[in-house]
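A.B. asks: Show me how the following folds:
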Amino acid sequence: MNPLPALHTDRLAPDHDDPHDARALFDVLVAQGLRDESPTRAQALAVLRTTDDDLLDLVAAAGRVRRHRFGRRVRLNYLVNLKSGLCPEDCTYCSQRLGSTAQVLKYSWLSTEDAVAAARAGIAGGARRVCLVASGRGPSERDVTRVTAMVDGIKSEHPDVEVCACLGLLRDGQAERLAAAGADAYNHNLNTSEATYADICTTHEYADRVETVERARGAGLSPCSGLIAGMGESDEDLVDVALALRALGADSVPVNFLVPFEGTPLAGTWDLTPQRCLRILAMLRFVCPAAELRLAAGREVHLRSLQPLALEIVSSIFLGDYLTSEGQAAQADLDLLADGRFVVEGADGDGRATAVPDEHDTAIVVSGAGAPSSETGVTVRRRGPGTSVAANA
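C.D. replies: Modelled structure (predicted):
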C-alpha cells in the first residue's frame, strides 16, 4: 500500500488555492477515522478552515467514516419535555433560563401517564430512543422517583426502545437509581469549550458538567454529551469541546445549532451558514468516528436545503419538535431520509418509517412579543407535551 501523502496543515488557510492539500488532509482523516484514531488539534482546525470549493469532498470523506461504522442506518430520537421553563440557571443560549422573556411554554412536571403517552407518539413515528428532559439545575430525589416511574412505563410498553434521561447536574446515587430503573443513557452537554464556558453561564461551571457525564458513565449509563454551535465561539473552542467529548468517552454526541430566541442574551445571533454547519459536523465525525453523531436543534433554520448533505455525516436525528421550538413536520423528516436512501433503524419492511398523521403540523412562528409572525425566525413550540394539541411525531 502506498503511504499517505504528506500533510501541510500550515498551508490550509481559509483562502488556500491548492485543492491537493485539502484532499491530502481528507485522506489522512479518513484513514485515521477508520482506525478510530482522533485527528490532531491542527488537523481538526484545518477541517473548519477549508473552503467552499472543498466542501463536497469534505462531506464525502466524513461520509466514508460514517458508513464504515453505521452503513446507511439512521436512528430516530424523540424529545419529551417533562418540565418547561422556570430554570434557575442563567445559560445565555437557553429560552428557559433565569430572566428569559422568551414566549415559550411554561409548565411543571408532566404526569407519568402524559409522559408515557408523549413517548408513545414518538415511538409510533419511528423513534428508537426517547429522551426525557426536564429544566432545572438538577433533580431532587423526588424528581428522580418521578422519572424512574416514567422509564418503567415506557420500558413496559416498549422494552426494545432506549430511554435517555436529561435532568441537569446529578448528585451521588442518582445515576445509579436511573440505571436500576432501566434507563439506558444520560444526556448532559458540555456545550462549549472549558476556556469560554464562563461566557455562557455563571451559575455553574464547566467542571460540573464534566462531573455529571462521568457520574452517568460510572453508573453504567451510556454517556450522551454534545455541544451548541453558533454562540460566538472560535474554531479553537469547537475543536477543544470536540476533543473533550472524545476524552470523556461520549458515545452519543448531539450537535445543536443555536436557536436565538427573542428574550435571551443571544437573540439575533445568526452567525452560522449551512456550509459552516457541515464543516462542524465533519470535524466532529473525524474526532468521534465511532460515536452516534446526532443532528439536533437548529438544523432546519441553519442547514436549510443542505440537510441531506448533513445526513451523509451524522447517524442520528431528532424526529419532530425540540424542547421549546418546533422542528419541521415529522413526515418531512422521514421523506428526507427515504429520498436519501437511508435506512431507519428499527423500521419494518423497506426501512422507511411513517409519521402519525397530524392535522396540527402547521408551524407557529412567534415574535418576541408573542404574536404570530410570517417573518423568518424562531418557531416556538405550541404543540405536544404541555399543550392540548397533538405532538409532531
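A.B. asks: buried residues in whichever helix or strand R177 is part of?
C.D. replies: Here R177, judged by DSSP states H and E, is contained in helix 174-181. By neighbour count on 16 or more other CB atoms under 10 Å, the buried set for helix 174-181 is Q174, A175, E176, R177, L178, A179, A181. Every residue, glycine included, has its C-beta placed from N, CA and C.
A.B. asks: Run through the residues that contact R128.
C.D. replies: By CB atoms under 8 Å, 6 or more residues apart in numbering, the contact set of R128 is R75, L76, N77, D160, V161, E162, E345, G346.
A.B. asks: Doesn't the first one lie inside a strand?
C.D. replies: Yes - residue state for R75 (DSSP: H, G, I helix; E, B strand; the rest coil) corresponds to a strand.
A.B. asks: how many neighbours does it have?
C.D. replies: Using other CB atoms under 10 Å, R75 has 21 neighbouring residues.
A.B. asks: ok, what's across the strand from it?
C.D. replies: Bridge pairing for R75 (DSSP bridges) gives the partners S316.
A.B. asks: what sits against it?
C.D. replies: Residues near R75 by CB under 8 Å, 6+ apart: R128, R129, E292, S315, S316, I317, E345, G346.
A.B. asks: Would you state the strands of the protein in chain order?
C.D. replies: 73-83, 129-134, 162-166, 185-187, 222-224, 227-229, 252-257, 292-295, 316-318, 343-344 (DSSP state E).
A.B. asks: Check the model's average confidence along the fifth one for me.
C.D. replies: So the one you mean is strand 222-224. Averaged over strand 222-224, pLDDT sits at 98.
A.B. asks: can you check the third one too?
C.D. replies: Strand 162-166 shows a mean pLDDT of 98.
A.B. asks: one step back: which two of the contacts of R128 have the greatest separation?
C.D. replies: N77 and D160 (14.6 Å; CB to CB).
A.B. asks: what about those two, which has more around it?
C.D. replies: N77 (25 against 8).
A.B. asks: Mind pulling up the pLDDT for the more buried one?
C.D. replies: For N77, the predicted pLDDT is 97.
A.B. asks: Quick check: nearest residue in space to it, chain neighbours excluded?
C.D. replies: Of all residues not flanking N77 in the chain, R129 sits nearest, at 4.6 Å (CB to CB, 6 or more residues apart in numbering).
A.B. asks: For that neighbour, list each beta-bridge partner.
C.D. replies: N77, E162.
A.B. asks: doesn't V161 make contact with it?
C.D. replies: Yes - counting by CB atoms under 8 Å, R129 does reach V161; the two are 6.9 Å apart.
A.B. asks: So these two - more neighbours on which side?
C.D. replies: Counted by other CB under 10 Å, R129 and V161 do not tie: R129 has more neighbours, with 27 against 19.
A.B. asks: Next, work out how far apart that one and R67 are.
C.D. replies: Going from R129 to R67 by CB to CB, to the nearest Å gives 21 Å.
A.B. asks: do the same with R294
C.D. replies: Distance, R294 to R67, by CB to CB: 17 Å.
A.B. asks: and what of R381?
C.D. replies: 34 Å.
A.B. asks: What of A181?
C.D. replies: For A181, the distance to R67 - CB to CB - is 35 Å.
A.B. asks: And for P274?
C.D. replies: Counting by CB to CB, the gap from P274 to R67 is 22 Å.
A.B. asks: can you check L248 too?
C.D. replies: Applying CB to CB to L248 and R67 gives a distance of 25 Å.
A.B. asks: what about those two, which has more around it?
C.D. replies: Counted by other CB under 10 Å, L248 and R67 do not tie: L248 has more neighbours, with 17 against 13.
A.B. asks: Ignoring the adjacent residues along the chain, who's closest to the more buried one?
C.D. replies: Per CB to CB, 6+ apart, closest to L248 is V213, 5.3 Å.
A.B. asks: Tell me, how many residues neighbour the one you found?
C.D. replies: As a measure of burial, V213 has 25 neighbours, counting by other CB under 10 Å.
A.B. asks: so who does it touch?
C.D. replies: Counted by CB under 8 Å, 6+ apart, V213 has contacts Y186, H188, L190, P223, S225, L248, A250.
A.B. asks: so what are the domain limits for the chain?
C.D. replies: 9-68, 73-344 (automatic domain parsing).
A.B. asks: Just say which of those is most tucked in.
C.D. replies: domain 73-344 (a mean of 20; mean count of other CB atoms under 10 Å).
A.B. asks: how long is that domain from one end to the other?
C.D. replies: Distance between the two ends of domain 73-344: 6 Å, counting by CA to CA, to the nearest Å.
A.B. asks: How about stretch 167-183?
C.D. replies: With CA to CA, one end of stretch 167-183 sits 12 Å from the other.
A.B. asks: Surely D143 is in contact with L169?
C.D. replies: No - checked against CB under 8 Å, the pair D143 and L169 is beyond contact range at 12.0 Å.
A.B. asks: Pick out the residue closest to the middle of the chain.
C.D. replies: P254 (2.7 Å; CA atoms, centre = their mean).
A.B. asks: if I look at the closest residue to that residue other than its chain neighbours, how far off is A329?
C.D. replies: Nearest residue to P254, sequence neighbours excluded (CB to CB, 6+ apart): G226, at 3.7 Å. Using CB to CB, G226 is found at 24 Å from A329.
A.B. asks: Ok, V133 next?
C.D. replies: 21 Å.
A.B. asks: try V116
C.D. replies: On the measure of CB to CB, V116 and A329 end up 24 Å apart.
A.B. asks: M283 contacts A44, doesn't it?
C.D. replies: Yes - the criterion here is CB under 8 Å, and M283 meets it with A44 at 5.3 Å.
A.B. asks: Can you pull the residues that touch both of the two?
C.D. replies: Contacts common to M283 and A44, judged by CB under 8 Å, 6+ apart, are V239, A242.
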